[in-house]
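# What would the 3D arrangement of this be:
(2 chains)
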Amino acid sequence: MEYISYSFIVFVAAGLLVCALLPVRYRRYVLLSGSLLFVGLSGGFFSLGSLLLGIGLSFLAGRLIEASGSRTMRRWVLLLTVLFHLSLLFWFKYQDLWEYTKELYWYLRGTEYLPELTERRAPLGISFYTLMLIGYVADIYMRKYRAETSISTFALYGSYFGHIVQGPIDAFDEVRADMEGPGRPGVQDMESGALLMLYGLFKKLVIAERLAVPVNAVFSDPASYHWSVLLICAFGFTLQLYMDFSGCVDMVTGISRMFGIRLSQNFRQPFFSQSIAEFWRRWHMTLGAFFRKYVYIPLGGNRHGVLRKHLNTIVVFLLSGLWHGGNWTYIIGTGLLHCVYMILGQCLRPVNTAVLRLFHMDRDALPLRVLRSLWVFLLVTIGFVLFRSESVAMAMTYLGGMAGLQAGIYEAADLSVLGIGTPDILIILAGLLTVFYVSLKRELGHPVCSSARRRDLIGVLIFTVIVLGFYGRGYDASAFIYAAF
Amino acid sequence: MQTEDRKRAYAGILVRVILLLAALFTVQRLVEPKYTGTVIEGNFTAEYYRDETPHDLIIIGNCESYENISPMVLWRDFGITSYIRGNANQLIPQSYHILRETLRYETPKAVILNVQAMTVAEQSSEEYNRMVFDGMRWSRDKLDGILASRLPDEHLIEYVFPILRYKERITELTTDDFRYAFSERPIQSYNGYYLRADVRPYDPDSFPYERRREDYAFSEKNMEYLELMTELCRENGVELILMKAPSAYPVWVEPYEEQIESFAKEHGLMYLNTLEHEEIGIDLDTDTYDGGLHLNVYGAEKISGWLGPILRDSLGLEDHRGDSELSSIYEARLQAYEAEKAAQELEFSETGYISRYRNE
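Alright, predicted model coming up:
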């Protein structure tokens, strides 16, 4: 069962119905059974078994750490639990790292190397629940809160269908109350939840899936396209990724709200960011928060001088890139490249300040803010070209073609080569404008719509998603991009 | 006051739901294929419901049924009332459910099943399934038919709500989509018959080489449904006739013939293999419009002229030409048939093609 499937709609509707019919005290058990069923149906017994093993072990580790008076014992339990989780993660996700490394090595030596990939199937959501379970055990070790005593509450936290596939990577203490006893949502919660869910579907099915058509065409053969097409599709992929990932998070956050569970915020208008550092505080926020909390700060953060700070930043971004997968396209595209951006940005800050002073420019003037946002957008797009490419070599072909004003073999304006027509482009533009409008309202702290208009919007979104969405036979709209991690 | 507010809120929700459903229904009617262009076969299933006259003969099957027998000739020459319930690549399980549905509306004296479909185990393309079922009225038979023949990635809900399948047509609507969104399309067939008056002689090189199979046995599913069809006809007192049309391709090999002969013998059914009846006079230089795959109107009329006496003499199908009410309906259809045939003949003689089917 995938999020974008008729069976998932039936699954959610049945869950809501059962929750509405049963007393609130049973809601946790309904959600837990539903979540385990979802994992079983989506990933099979293999995924379910791995997940239950991880949950059981982390639950016991939490209890053991809390009960133990010995610091050494506590440390060993923490170490062994983290080692267990990371070993599993490494086994399933990084088996091809060495092959990708050889591919990169030979590419740098000017030779092509075809990696022999094992393509081992990873348990559903392993990247996400591994971090959540490690975070929990680490928090108990650091005595941030008491260990959970109810296995059903903890199992629901670890397996909850709303965050296991693509996050958010919720910290246990932030969702603990809802996992212990999901409340009965009121009319407002149901309406705002439905609206958020539909908005997520709109972003995913109407915009992201439409953008995917030309993006997939161009990324499969970048050497054949005109540089302007490469540029547009590079920006297109950045937008597709955002619509896809944030759309999924909106969808599950909305559904969760209807079940009485409030998930953590994962995106906060990232394209309004004024710097790369800010971008990572607004994009995949729960992943950033995890690495900040459990890696950057324990390593010393910015408290031990500039050099150490830069070193810590490198470690964090290396791990962040690695978390996405064992391919160097991820490690560089979402990790090391951003790290370089950040360190360079920090080094050049005095120059930046001096230039602003020289020309008597207000740092917060709107044109400058817009320019900085566009600059950040361009920088992250370069990283996402790597992220989207199958290999570093292909990414270099893409970026080289873009920067070198490549002519390509296809006409720049031939949309049929890209698989979309003018109506699709108009729908994409209208969709992007809608999302920009909503993002701007949120950024300015204004309500997106009045409660009186909410029901109208629900109707409009249902209509738009059904009529203009890319789904069903003929489209591979089922998988969200981040579900692969 | 609170009760009033609640009532107002419920009324508001109801109005919104009605508006949403009305908007979706309108779009659904717009985007559903109208089959008014080159592919008119998509209309055939639905057209049956618009014919309120009873039929003594029902012809069931795939393209070999709706292109090889002309009900108009059966009427004109023998007074036999007949209707073809056939579609492109209509599978045997689909034919069974369409027959079962037909028998709920009327009880013919005989049913002809074209057996070429017995060689087709699975559907090759979703479009064929949609053409069979989109125009079918909702009933247990439609549901069972879809479940028995849908492709692995076809969803039942997309048949229930066709908007979910055809939504992408929203960007390519034509004037016909608006014209026929809420009004009935013109009847495209002649009692289910697909009229083609163009000629393209038999050309053995135009067909792919017939691959040898390891096993020529009909699929278990097809045999099961053939049994069901036989049983259904027996229960309803209907004579089931098995028939093979005189097409040159796909090749009707001996093992197929043996299986059908054996089945017919075992169940006491009449089996007509037109490939073995030279007296019909089929000439694949003049009687086919696509090089031997399907018969044109000249071939179909020859088959009908040969079939009529068999139906009359062996099965006792009556001559209804004396029935004034039926006669007036059929004569009008016959006139339209003759007019269309003449128009296509004229166009073909002048241009060498029929413009309507030019894109094939």
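
# what bits of the stretch 51-200 of chain B have low per-residue confidence?
Filtered on pLDDT under 70, the stretch 51-200 of chain B yields no residues whatsoever.

# Quick check, the residue in it closest to chain A?
Nearest residue of the stretch 51-200 of chain B to chain A, counting by C-beta to the nearest C-beta: residue B:171, 3.7 Å away. Every C-beta, even on glycine, is put in place using the N, C-alpha and C of the backbone.

# count of neighbours near that residue?
Counted with other C-beta atoms under 10 Å in any protein chain shown, residues neighbouring residue B:171 total 15.

# Mind pulling the model confidence for residue B:210?
The per-residue pLDDT reported for residue B:210 equals 66.

# The one 5 residues further on too?
Per-residue confidence (pLDDT) for residue B:215: 82.

# how close does it get to chain A?
31 Å (C-beta to the nearest C-beta, to the nearest Å).

# what kind of secondary structure is that residue in?
coil (DSSP: H, G, I helix; E, B strand; the rest coil).

# Can you report how many residues lie near it?
7.

# What of the one 10 residues further on?
The number of residues packed around residue B:225, counting by other C-beta under 10 Å, is 24.

# Report whether the expected contact of it with residue B:98 is present.
No. Counting by C-beta atoms under 8 Å, residue B:225 does not reach residue B:98; the two are 11.4 Å apart.

# sorry, back to before: contacting residues around the residue of the stretch 51-200 of chain B closest to chain A?
Each residue near residue B:171 by C-beta atoms under 8 Å, 6 or more residues apart in numbering or on different chains is listed here: A:421, A:423, A:424.

# Out of those, list just those in helices.
Within those, membership in helices is found for A:423, A:424, as judged by DSSP state H.

# For residue B:101, which non-adjacent residue is spatially closest?
residue B:141 (4.1 Å; C-beta to C-beta, 6 or more residues apart in numbering or on different chains).

# Can you name the residues of chain B that neighbour chain A?
Contact residues, chain B versus chain A (C-beta under 8 Å from any C-beta of the partner chain): B:12-13, B:16-17, B:19-20, B:23-24, B:27, B:126, B:153-155, B:157-158, B:163-165, B:167-168, B:170-171.

# Packing partners of the helix or strand hosting residue B:348?
Following DSSP states H and E, one finds residue B:348 within helix B:324-351. Contact partners of helix B:324-351 among helices and strands, from 3 or more C-beta pairs under 8 Å, 6 or more residues apart in numbering or on different chains; DSSP states H and E: helix B:71-78.

# what is the orientation angle of the helix it packs on with helix B:324-351?
Between the axes of helix B:71-78 and helix B:324-351, defined by axes from the mean of the first three to the mean of the last three C-alpha atoms, to 10 degrees, the angle is 120 degrees.

# CA atoms only for the next helix or strand after helix B:71-78 - export them in CSV, please.
Going down the chain from helix B:71-78, the next helix or strand is strand B:82-86, by DSSP H and E. Taking Å, rounded to 0.1, in the frame of the first residue of the first chain, the C-alpha atoms of strand B:82-86 are listed here in CSV:
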residue,chain,number,x,y,z
SER,B,82,-30.8,-10.1,-35.0
TYR,B,83,-28.3,-8.0,-33.1
ILE,B,84,-24.6,-8.2,-32.7
ARG,B,85,-23.2,-7.7,-29.2
GLY,B,86,-19.6,-7.7,-30.1
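
# Run through who's touching strand B:82-86.
Taking C-beta under 8 Å, 6+ apart as the rule, strand B:82-86 contacts B:44-45, B:48, B:51, B:55-66, B:69, B:71, B:74-75, B:95, B:98-99, B:102, B:114, B:189, B:191-193.

# ok, residue B:31 - contacts?
Shown in contact with residue B:31 (C-beta under 8 Å, 6+ apart): B:162, B:163, B:166, B:167, B:169, B:170, B:173, B:177.

# Pop out the phi and psi values for the third one.
To tie it back to what came earlier, the one meant is residue B:166. phi -100, psi 10 (degrees, to the nearest 10).

# close enough to count as contact, it and residue B:32?
Yes. Residue B:166 lies in contact with residue B:32 (C-beta under 8 Å); the separation is 5.7 Å.

# Can you spell out which helices and strands pack onto whatever helix or strand the residue nearest to residue B:101 lives in?
Assigned by DSSP H and E, residue B:141 falls within helix B:140-149. Under the contact criterion of 3+ C-beta pairs under 8 Å, 6+ apart, helix B:140-149 touches helix B:92-105, helix B:126-133, helix B:156-160.

# related to what we said a few turns ago, just the buried residues of the contacts of residue B:31.
Neighbour counting over the contacts of residue B:31 (16 or more other C-beta atoms under 10 Å in any protein chain shown) leaves B:162, B:163, B:166, B:167, B:169, B:170, B:177 as the buried ones.

# before we move on, the earlier item: for the helices and strands packed on helix B:140-149, give me TSV that also has distance to residue B:216 and mean neighbour count.
Output for the helices and strands packed on helix B:140-149, formatted as TSV (distance: least, C-beta to C-beta, whole Å; neighbours: other C-beta atoms under 10 Å in any protein chain shown):
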stretch	distance to residue B:216	mean neighbour count
helix B:92-105	16	22
helix B:126-133	23	21
helix B:156-160	33	16
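
# Save these as TSV, and put in distance to residue B:250 too.
Shown next, in TSV, are these (distance: least, C-beta to C-beta, whole Å):
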stretch	distance to residue B:250
helix B:92-105	15
helix B:126-133	15
helix B:156-160	28
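
# about what we covered before: relative to residue A:471, which of the buried ones among the contacts of residue B:31 is nearest.
residue B:167 (8.6 Å; C-beta to C-beta).

# Surely the closest one is in contact with residue A:463?
No. Contact criterion C-beta under 8 Å: residue B:167 and residue A:463 do not qualify, at 10.9 Å.

# ok so, going back, and the buried ones among the contacts of residue B:171, selectable in ChimeraX?
In ChimeraX, a selection of the buried entries from the contacts of residue B:171 looks like this (16+ other C-beta under 10 Å):
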select /A:424
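
# Tabulate the contacts of residue B:171 in CSV, adding columns for distance to residue A:347 and pLDDT.
What follows is the contacts of residue B:171, written out as CSV (distance: C-beta to C-beta, whole Å; pLDDT from 0 to 100):
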residue, distance to residue A:347, pLDDT
A:421, 47, 86
A:423, 47, 90
A:424, 43, 91
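
# What residues does the stretch 351-485 of chain A have near chain B?
So the stretch 351-485 of chain A meets chain B at A:421, A:423-424, A:455-456, A:458-459, A:462-463, A:466-470, A:472-474 (C-beta under 8 Å from any C-beta).
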